[in-house]
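>>> make a model of this:
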Amino acid sequence: MAYLKLADACLAYGHVPLLDHTDFMLDPGERVALIGRNGTGKSSLLAALAAGSGRGKLDDGEVWVQPGIRVGYVPQEPPFDMDMTVFEAVVSGMGETSKILAAYHEVVHHLAEGTGDQDALLAEMETLQHELEARGAWAYEAQAEKVIDRFGLDPEANVGSLSGGQKKRLALAQALAVAPEVLLLDEPTNHLDIAAIEWLENLLIETGTTLFFITHDRSFLNRVCTRIVELDRGKLVSFPGTFAEYQTRKEALLHEEGLANARADKLLKEEEIWIRKGVEARRTRAVFRVQRLDILRAERQARRERMGKVNLQLDSGDKSGKLVSELEHVSKSYGQRPKEAKNERWSDKLSDREKQVARLVASGSSNKEVAATLNIAERTVKAHMTAIFEKLELRDRLQLSLNLILTTSVKNTLRDLLCQMAGKLFANQLMRMQQGQAKMI
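Residues are numbered from 1 along each chain as shown. As a prediction, this is how the structure comes out:
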């Protein structure tokens, strides 16, 4: 038996119907991807399917959910109370039980920290334990802690302090905490890095949860989905298989649609010419043609044409000697671990003019371009580079040489100079790395 059914659904914004008497069914074990152009109503459809959530309503039609199943819903931008802790946010989707679980978790935390009146806390914990046992909610508490740990979140962290990716993980944890039979996901890969996306793919596949999700991530779609449903001009069309199979079948359908529309337009044109000549007699055939013309006109007026495509191609520009950006004393930190920029250590030992020469060379400028930019002689460029390397220790020389040779298109004479200054032992390694034959160091 299907988990979700959508029957004769209608939804419009203004005069444009997003859902035009649409039907859909989601069976157990399926992982269905909903695709379509932006603005076609995908998120509205997903919200309408989130039965009992109050997040989406249809203008007409029916949404049916199998009695007794739990449906988890994760919108694109999940709404959270920024003052909640992670644990409180995760259990907030459990109804009245969530308040008892949040209070119990807070009491346990205070007892562990040794803060507050210990006797009063113990008495409160005993009362909460009885309430949780009466509701059979211990399984919910264990499930909440399990998903929080699985998503790598701190249960005591404040929601307002989380990053975009952490909030997306929190929303997924909140949906999974109720152990849903059906999971509705709207752009689940937004704000996630590649490692997190791969982790989410494995989780969704291994848990076997029935999915209905929206995504523009083709790699995620190909790996996770078992069926593709396209929302196009108010109608849902199903395509079993991968995205490549969808593209092949979609192209064939559009070709057939184009031929059928061309035949209908040709017939309409012929009938319009006939009617303008005037009906010669009120015979049965003439009456039929007039009726058919009315039908053809109505069908042509009701036809929704497919929107066109836009092709955009960006070519990489040629390198120039112009300075694009200039950064000094740049640093990056993560938590309590600061990370210094690579060039900060050795650049502090150089004069302003030597820094200018090094930056222009690193940007791919030739000796002539460097000389013209700084208004100095070409031979002075080589002298400056020699002075730069004399000021640096061996480790800094190797670092600078590697950066220049691997990331810029330096001239042969300058490359040879860099290799010579870096040292003969390292020069051979640099040459091999430039040719793509060396292993990473």
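
>>> so where's the stretch 151-300 of the chain shaky on pLDDT?
278-285 (pLDDT under 70).

>>> ranges for the helices of it?
164-176, 194-207, 218-224, 243-277, 284-302 (DSSP state H, counting those that start in this stretch).

>>> so which of those is nearest residue 360?
helix 194-207 (34.0 Å; C-beta to C-beta). In this view, the C-beta of every residue, glycine as well, is placed from N, C-alpha and C.

>>> hang on, the earlier thing: just the helices of the stretch 151-300 of the chain: most buried one?
helix 164-176 (a mean of 22; mean count of other C-beta atoms under 10 Å).

>>> next one: that one to chain centre, how far?
The chain centroid and the centroid of helix 164-176 are separated by 13 Å under C-alpha atoms, centre = their mean, to the nearest Å.

>>> and for that helix, what's in contact with it?
With contact meaning C-beta atoms under 8 Å, 6 or more residues apart in numbering, helix 164-176 is reached by 72-75, 78, 80, 86, 89-90, 92-93, 147-148, 150-153, 159, 162, 183, 185, 188, 190-193, 196, 200, 207.

>>> got the angle for it vs helix 194-207?
Angle, helix 164-176 to helix 194-207, by axes from the mean of the first three to the mean of the last three C-alpha atoms, to 10 degrees: 10 degrees.

>>> could I get the CA-only coordinates of helix 164-176 as PDB?
Presented in PDB, the C-alpha positions along helix 164-176 are these (Å, rounded to 0.1, in the frame of the first residue of the first chain):
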ATOM      1  CA  GLY A 164      24.600  27.100   7.700                       C
ATOM      2  CA  GLY A 165      25.800  23.500   7.200                       C
ATOM      3  CA  GLN A 166      25.400  22.700  10.900                       C
ATOM      4  CA  LYS A 167      21.800  24.000  10.800                       C
ATOM      5  CA  LYS A 168      21.100  21.800   7.800                       C
ATOM      6  CA  ARG A 169      22.400  18.800   9.800                       C
ATOM      7  CA  LEU A 170      20.300  19.900  12.700                       C
ATOM      8  CA  ALA A 171      17.200  19.900  10.500                       C
ATOM      9  CA  LEU A 172      18.000  16.400   9.200                       C
ATOM     10  CA  ALA A 173      18.600  15.200  12.800                       C
ATOM     11  CA  GLN A 174      15.300  16.700  13.900                       C
ATOM     12  CA  ALA A 175      13.500  14.900  11.100                       C
ATOM     13  CA  LEU A 176      15.200  11.500  11.700                       C
END
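
>>> please renumber so the chain begins at 21
Let's use 21 as the start, then, which means that last one is helix 184-196.

>>> picking up where we left off before, now tabulate the helices of the stretch 171-320 of the chain in JSON lines and tack on distance to residue 25.
Listed next are the helices of the stretch 171-320 of the chain as JSON lines, based on distance: least, C-beta to C-beta, whole Å:
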{"stretch": "helix 184-196", "distance to residue 25": "21"}
{"stretch": "helix 214-227", "distance to residue 25": "22"}
{"stretch": "helix 238-244", "distance to residue 25": "22"}
{"stretch": "helix 263-297", "distance to residue 25": "23"}
{"stretch": "helix 304-322", "distance to residue 25": "26"}
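
>>> thank you, goodbye.
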